[in-house]
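Student: Pasting the sequence and the predicted model now:
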Amino acid sequence: MQNAEWANKNYYADLGVSSSASEDEIKKAYRKLARENHPDKNPGDKAAEERFKKAAEAYDVVGDEKKRKEYDELKAMLASGGVRGGFGSGGAGYPGGFRTSTNDFDIGDAFGRAGQGGGFSADGGLGDIFGGLFNRSAGPRQSTRPARGSDLETDITLDFAEAANGTTIPVTLTANSPCSTCHGSGSRSGHPTTCPRCEGTGYTSENRGAFGFSSPCPDCGGTGEIITDPCPDCQGTGTVLKTRSITVRIPAGVEDGQKVRLAGQGEAGPNGKPSGDLFVKVHVRKDALFEREGNNIAVTVPVSFAELALGSTISVPTLGKPVKLKIPAGTPDGRTLRVRGRGIASKKNPGDLMVTLQVTVPTKLDDAATEHLRTYAEAEKASGFNPRQGWAGNQR
């Protein structure tokens, strides 16, 4: 489990759905709540702002398949009281009991832990059953690992050339940011107090016979600290909803649908805890000229028959300045020529520009051009050239 605070939250209720709701139902519920309670739509409404925050936090967990599974498992375990039973004649009162035979079940395996603290300790007790659930190691009591802010995701759309060459683009976000009044601590004085109930560990423990049970401290929610003098601007959370603009550097060669991760640029964590990450999903507009083929860029250039037959040098567009391309005499229609290093500007594997030549036939000629073309056609025929020589269709 990633977050001890999950134990005290009912994310399904925050979204107004049942625990058996489908992924689609959860997404629709979140979008509806976010739309209705967005701060831009409800300026100054603290209640709406709080509902917006709770919905976003809930969707971050139950809207993610992996996190939702972990959350459901935690809730089910807490609801059942964890492992029940004491020692019977066959061993611990777990279904079937535990025996001393080498072929018997090892409780260390049941909780994904082994060795010292993972099974029975030397004094016959069971070490910290919920340790693995809240990222706690076996052995002496430790404080919970710091919570972090939620990850955020936003979408941007780039032109083909921007995606190929890389660019920087400003992104505006509305999300929880550290409170400037208390500097993110949540405390008016800037100094949270160690929780007296759990003595800063974040957990309370209870022994039931041979078993030890740990659960998040109900007073501090598993953080190990309490706010006795809450900041008036953030009400002790350490975060306030703000709109901010950041500059995102998009690396050269980013593909349509790819996500760029900006570590620590997500939502601020509560009471000075680390921020989440920002994921920028990139959409790339289609280009009128170019298509992408891996790190190569393909372009089709119209040419005349004479340019192919006699050879020529033409100007070809690129993502930067145009380049000159030499066409050898006798080049067939549809041939693709390569211009090295003028494709995607990737540092590891820069691509090439692939130029396909396509003959364009004139639809209208003046009298002089028509006469010259007829003269050429006669000369071509007299030279013995037959465009269908060797063609399979001649055999039928």
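Tutor: Ah, there it is.
Student: Domains in the protein, by residue range?
Tutor: As assigned by automatic domain parsing, the chain contains the domains 1-82, 291-385.
Student: Would you point to the one among those domains that's packed deepest?
Tutor: A comparison of the domains of the chain by mean neighbour count, using mean count of other C-beta atoms under 10 Å, puts domain 1-82 on top with a mean of 16. Heads up, the C-betas are built off the backbone N, CA and C, glycines and all.
Student: close enough to count as contact, residue 184 and residue 239?
Tutor: Yes - with contact defined as C-beta atoms under 8 Å, residue 184 counts as touching residue 239 (7.0 Å).
Student: who touches both of the two?
Tutor: Common contacts of residue 184 and residue 239 (C-beta atoms under 8 Å, 6 or more residues apart in numbering): 178, 268.
Student: Low-confidence regions, the protein specifically.
Tutor: 1-4, 80-147, 208-212, 394-396 (pLDDT under 70).
Student: closest to residue 170 out of the domains of the chain?
Tutor: Closest to residue 170 of the domains of the chain is domain 1-82 (C-beta to C-beta; 18.1 Å).
Student: for residue 309, helix, strand, or coil?
Tutor: helix (DSSP: H, G, I helix; E, B strand; the rest coil).
Student: ok, now which ones touch it?
Tutor: The neighbourhood of residue 309, defined by C-beta under 8 Å, 6+ apart, consists of 329-330.
Student: What of the one 5 residues further on?
Tutor: Contact analysis of residue 314 by C-beta under 8 Å, 6+ apart lists 301, 303, 307, 324-325, 327.
Student: Among the residues you listed, which ones are in strands?
Tutor: In this view, these that belong to strands under DSSP state E are 301, 303, 324-325, 327.
Student: Show me the two of those that sit farthest apart.
Tutor: The span of these, defined through C-beta to C-beta, is set by 303 and 324 at 13.9 Å.
Student: tell me the SS of the residue nearest the centre of the chain?
Tutor: Nearest residue to the geometric centre of the chain (C-alpha atoms, centre = their mean): residue 279, 5.1 Å. Three-state assignment for residue 279 (three-state DSSP): strand.
Student: My guess is it contacts residue 261. True?
Tutor: Yes - counting by C-beta under 8 Å, residue 261 is a contact partner of residue 279 at 5.6 Å.
Student: coming back round to it: just grab the bridge partners of the residue nearest to the centre of the chain for me.
Tutor: Following DSSP bridges, residue 279 is listed with bridge partners residue 153, residue 261.
Student: residue contacts, it?
Tutor: Residue 279 sits in contact with 151-154, 259-262, where contact means C-beta under 8 Å, 6+ apart.
Student: of those, buried ones?
Tutor: The neighbour count (16 or more other C-beta atoms under 10 Å) marks 151-152 as buried among those.
Student: Among the contacts of residue 279, which one lies nearest to residue 246?
Tutor: residue 262 (7.6 Å).
Student: on that earlier part again, turn the contacts of residue 314 into a markdown table, including distance to residue 373.
Tutor: Formatted as a markdown table, the contacts of residue 314 follow (distance: C-beta to C-beta, whole Å):
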| residue | distance to residue 373 |
| --- | --- |
| 301 | 23 |
| 303 | 17 |
| 307 | 15 |
| 324 | 28 |
| 325 | 26 |
| 327 | 20 |
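Student: Out of those residues, flag the one nearest to residue 13.
Tutor: residue 301 (62.1 Å).
Student: Check whether that closest one really touches residue 356, as I assumed.
Tutor: Yes - the pair residue 301 and residue 356 passes the contact test of C-beta under 8 Å, sitting 7.1 Å apart.
Student: what about residue 303, distance to residue 327?
Tutor: For residue 303, the distance to residue 327 equals 7 Å [C-beta to C-beta, to the nearest Å].
Student: er, residue 43 actually
Tutor: Taken as C-beta to C-beta, the span from residue 43 to residue 327 is 64 Å.
Student: next one: residue 189
Tutor: Per C-beta to C-beta, residue 189 is found 78 Å from residue 327.
Student: In the stretch 151-300 of the chain, mark out all the strands, start to finish.
Tutor: Along the stretch 151-300 of the chain, counting by DSSP state E, counting those that start in this stretch, strands occupy 152-158, 167-178, 193-194, 203-208, 211-216, 225-226, 239-250, 259-262, 278-284, 291-293, 296-303.
Student: is it true that residue 28 lies in a helix?
Tutor: Yes - counting by three-state DSSP, residue 28 is located in a helix.
Student: Look up the residues forming beta bridges with residue 337.
Tutor: Residue 337 has these beta-bridge partners by DSSP bridges: residue 355.
Student: quick one: contacts for it?
Tutor: By C-beta under 8 Å, 6+ apart, the neighbours of residue 337 are 325, 327, 354-355, 357.
Student: Just the closest of those to residue 174, please.
Tutor: So of these, ranked by how close each gets to residue 174 (C-beta to C-beta), first place is residue 354, at 43.3 Å.
Student: Skipping adjacent residues, who's closest to the closest one in space?
Tutor: Counting by C-beta to C-beta, 6 or more residues apart in numbering, residue 354 lies nearest to residue 298, which is 4.6 Å off, once chain neighbours are set aside.
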